[in-house]
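In: starting from these lines, generate the structure:
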Amino acid sequence: METNAFKGLMRKEWLLSKNTFILLICFKLFIWAVVLGGSLFTKNHELLYIVTSMIIGIHVIYITMIVGSGLSLEEKSQMWLHNPGSTSHILGSKLLTGIWLQITSLCTAFLLLGITVIFFDPGGTTVNLLTAESIFQMSVLITVSGLELAMLYTFYWAIYHSFGKFYYLAKFKVVLFTLFIMASILLILFVEKQLLAGLELILPFPIEMTTFMNVHIGEDGLWISSGGEKISWGGMLFSTLKITGLFFLSSWLLNKVVEVK
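Out: Now for the predicted structure:
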């Protein structure tokens with residue numbers, strides 16, 4: 001029964017998100033096509049590579065845009081207040097929908113990169129050290145970072161609207177919300193610093209992972225390489241705990257406290 005209910009929520013989220021998803025896909029393709037036309041007209045291929053790389057990188061905020069769009073639509077109905085099901089299921093369906101749509105959009109972006117290489121570098125000399133493994137690692141980190149950003153957005157969204165439930169706090173909710181953001185960010189950074197200092201002593205050495213792409217323009221031409229940095233196991237563990245904690249806390253706020261006004 002719960003499985004069928006969750007499938008129904010996923011279908012609902014797709015119906016709510018599909019217009020935003022299609023709009024973002026069309027906007028991405030439009031920007032790429034315009035830059036492609038400009039590159040063909042001016043014979044300046046470097047700009048197309050740069051824009052394609054930026055399209056891939058901007059996906060870090062993709063889940064936030066999908067989840068934020070869904071929350072904005074539900075402000076009118078306040079469905080989480082009247083739904084007999086679990087609020088965590090409602091929020092989980094939004095996040096899972098955002099993840100799948102981001103993966104789909106990210107695959108489209110990498111496809112655009114492949115088309116760019118085929119059109120402007122048929123010999124394959126432009127792309128250097130950009131392997132399937134590095135693309136996979138980059139996609140995973142973009143998705144995880146996007147999920148963390150989406151959970152922070154959802155949490156702060158819930159906190160902001162929580163002030164509407166209290167008459168006296170509602171008068172000053174903008175000021176209180178700003179102070180809360182500042183205090184919470186400082187607290188998170190402090191806890192992260194203290195926790196990582198301890199975890200790095202007991203967890204294995206950091207691992208090298210691809211986190212971004214470098215676009216190089218020089219006298220010898222243009223080439224793309226994967227850029228990596230060391231990711232600590234402690235950092236990944238803290239991100240997992242932060243995402244999980246924010247998820248359940250946001251679900252509780254939506255279920256018990258939030259009243260959109």
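
In: what stretches of the protein score poorly on pLDDT?
Out: Along the chain, the parts satisfying pLDDT under 70 run over 1-3, 76-85, 121-131, 164, 166-167, 169-170, 196-235, 256-261.

In: helices or strands next to the helix of greatest length in the chain in the packing?
Out: Ranked by residue count, the top helix of the chain under DSSP state H comes out as helix 2-42. If contacts are counted by 3 or more Cβ pairs under 8 Å, 6 or more residues apart in numbering; DSSP states H and E, helix 2-42 sits against helix 45-57, helix 62-77, helix 87-120. (C-beta placed from N, C-alpha, C; glycine too.)

In: quick one, the last one and helix 45-57 angle?
Out: Taking axes from the mean of the first three to the mean of the last three Cα atoms, to 10 degrees, one finds helix 87-120 and helix 45-57 inclined to each other by 170 degrees.

In: got the buried residues for helix 87-120?
Out: Along helix 87-120, these residues count as buried under the neighbour rule (16 or more other Cβ atoms under 10 Å): 87, 89-95, 97-103, 105-106, 108-110, 112-113, 116-117, 120.

In: could you give the angle of that helix to helix 2-42?
Out: 30 degrees.

In: so how far is helix 87-120 off the chain centroid?
Out: Put simply, helix 87-120 sits 10 Å off its chain's centre (Cα atoms, centre = their mean, to the nearest Å).

In: which helix or strand lies directly C-terminal to it?
Out: Scanning forward in sequence from helix 87-120 by DSSP states H and E, the next helix or strand is helix 132-162.

In: and that next one, what's buried?
Out: By neighbour count, with 16+ other Cβ under 10 Å as the criterion, the buried positions of helix 132-162 are 134-135, 137-139, 141-162.

In: what's the angle between it and helix 87-120?
Out: Angular relation of helix 132-162 and helix 87-120 on a 0 to 180 degree scale: 140 degrees, by the same axes, to 10 degrees.

In: what angle do helix 132-162 and helix 62-77 make?
Out: 30 degrees.

In: report all helices and strands that helix 132-162 contacts.
Out: With contacts taken as 3+ Cβ pairs under 8 Å, 6+ apart, helix 132-162 sits against helix 45-57, helix 62-77, helix 87-120, helix 173-202, strand 207-218, strand 221-231, helix 233-256.

In: now the angle from it to helix 233-256?
Out: Between the direction of helix 132-162 and that of helix 233-256, the angle (the same axes, to 10 degrees) works out to 40 degrees.
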